[in-house]
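Asker: Next input, structure requested:
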Amino acid sequence: MLRTSLSPFTIKGHLMHKRIIYQNEDGGVSVLIPTDCGLTVEQIAAKDVPTGSPYKIVDAVDIPTDRTERNQWVVDVADLTDGVGS
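Answerer: Alright, predicted model coming up:
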C-alpha cells in the first residue's frame, strides 16, 4: 500500500526526487515523474493528473522499485490529499 504524509516539495531542481500518484480508472496506481519544465510539481500535477482525480506528491523513494507486480499496487483515495487534477 502506498501511504505517505509528506508535503509537496517545490524547490526548483528537486523535481526528480518527487512522484505524483493517483488512482487510475482501473483502480490501480498511476505514477507521474515530473520533469523540470519551469512548472512547480503542484502545477505539473494539476495539469497532468486527469480532471477530477485526487493526487498525492510523494518522495521517489516511497515508490517501490520492483515493478513486476505494479498492476497490484493500491492506494487509499483518502490519502490523496495534495490536490485534484484540473
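Asker: quick one: the helices in this structure?
Answerer: Along the chain, counting by DSSP state H, helices occupy 41-48.
Asker: which residues of it score low on pLDDT?
Answerer: Scanning the chain for pLDDT under 70 picks out the ranges 1-15.
Asker: List the contacts of the residue nearest to the spatial centre of it.
Answerer: With the centre of the chain defined as its mean C-alpha position, the nearest residue by Cα atoms, centre = their mean is Ile20, 1.5 Å away. If a contact means Cβ atoms under 8 Å, 6 or more residues apart in numbering, then Ile20 has Val31, Leu32, Pro34, Val41, Ile44, Ala45, Asp48, Val49, Tyr55, Lys56, Ile57, Val58 as its contacts. C-betas here are computed from N, CA, C, even on glycine.
Asker: the strands in the chain, which residues?
Answerer: The residue ranges that make up the strands of the chain, judged by DSSP state E, are 18-23, 29-32, 54-59, 83-84.
Asker: which residues touch the second one?
Answerer: Under the criterion Cβ under 8 Å, 6+ apart, residues 2, 19-24, 44-45, 48-49, 63, 70, 73-75 lie in contact with strand 29-32.
Asker: Kindly recompute the last result at 6 Å.
Answerer: Outside strand 29-32, the residues within contact range by Cβ atoms under 6 Å, 6 or more residues apart in numbering are Arg19, Ile20, Ile21, Tyr22, Asn24, Asp48, Ile63, Trp73, Val75.
Asker: Same question for the last one.
Answerer: Contact partners of strand 83-84, identified using Cβ under 6 Å, 6+ apart, comprise Ala45, Ala46, Pro54, Tyr55.
Asker: Tabulate these (TSV), appending neighbour count and distance to Thr81.
Answerer: As requested, those are exported to TSV (neighbours: other Cβ atoms under 10 Å; distance: Cβ to Cβ, whole Å):
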residue	neighbour count	distance to Thr81
Ala45	27	12
Ala46	18	14
Pro54	18	7
Tyr55	24	9
